[in-house]
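Peer 1: Here is my input, please return the structure:
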Amino acid sequence: MTISTLSSPVTGGAQTGLTSPTYTLTADTAPDSNGRQWVVTALGGTQTGVSTHSVASPFSLTFWRPKIGRILGNPNINTGVIANVPKNTYKWIVRKGVAPLAGQPIQTAVFTLQCDVPAGSDTADAEDVRAALSLLIGAVNQMSAGTGDTLCNGVM
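Peer 2: As a prediction, the model looks like this:
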């Protein structure tokens, strides 16, 4: 399965004040050819006060991959060390329209999850790349409600 096969609805992580949140996605056109984008067109569960995507109040999810994948260079012929290992950057970006104060114009909140993968490790050590991502996703999922609380009350 690849990013292009993201299935809808997406079950959201636990959050204070949201009960069994789900998000129905519709494919959208990403801002650039190296991205895939979806917009939230329907909500499930109890999400009082949450809005779906609109021009004035976006609710979108975009996955970005490197436009050109970087590869590992040659090692130094004297030392055998590769001095500069380039990174391939992948990103998830969520944009959500939020009101900074009741009655005020909507502002866009941007949430970015970025993975910088050293070139070459995708083939030489794929299991460790996958393990790092697995831990990240597990931790984010486990700490979903706590992270949401911290974003709203500033307490860790």
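Peer 1: Would you quantify the distance from the nearest residue to Thr22 once chain neighbours are set aside to Asn34?
Peer 2: Using CB to CB, 6 or more residues apart in numbering and skipping residues adjacent in sequence, the residue nearest Thr22 is Gly44, 3.4 Å away. The way it works is simple: take the backbone N, C-alpha and C, and place the C-beta from them, glycine included. Note on Gly44: its distance to Asn34, by CB to CB, to the nearest Å, is 30 Å.
Peer 1: Pick out whichever of these two has more residues nearby.
Peer 2: Gly44 (15 against 12; other CB atoms under 10 Å).
Peer 1: Surely Pro9 touches Leu43?
Peer 2: No: applying CB atoms under 8 Å as the test, Pro9 and Leu43 come out as separate, 9.0 Å apart.
Peer 1: any common contacting residues for those two?
Peer 2: Contact criterion CB atoms under 8 Å, 6 or more residues apart in numbering; residues shared by Pro9 and Leu43: 22-24.
Peer 1: Now flag whichever of those residues is closest to Asp122.
Peer 2: Nearest to Asp122, judged by CB to CB, of the shared contacts of Pro9 and Leu43 is Tyr23 at 29.3 Å.
Peer 1: How about the secondary structure of the closest residue to Pro9 other than its chain neighbours?
Peer 2: Leaving aside its chain neighbours, Pro9 sits nearest to Thr22 (4.2 Å; criterion: CB to CB, 6+ apart). Assigned with DSSP: H, G, I helix; E, B strand; the rest coil, Thr22 falls in the strand class.
Peer 1: So what sits opposite Thr22 in the bridge?
Peer 2: Thr11, Gly44 (DSSP bridges).
Peer 1: Please apply the same query to the one 4 residues further on.
Peer 2: For Thr26, the beta-bridge partners are Val39 (DSSP bridges).
Peer 1: Look up the pLDDT of it for me, please.
Peer 2: Looking at Thr26, its pLDDT stands at 94.
Peer 1: Contact partners for it?
Peer 2: Counting by CB under 8 Å, 6+ apart, Thr26 makes contact with 8, 38-39, 41.
Peer 1: buried subset of these?
Peer 2: 38-39 (16 or more other CB atoms under 10 Å).
Peer 1: Of all pairs in the contacts of Thr26, which one is the farthest apart?
Peer 2: Ser8 and Val39 (10.7 Å).
Peer 1: what touches both of these two?
Peer 2: Jointly contacting Ser8 and Val39 under the rule CB under 8 Å, 6+ apart are 25-26.
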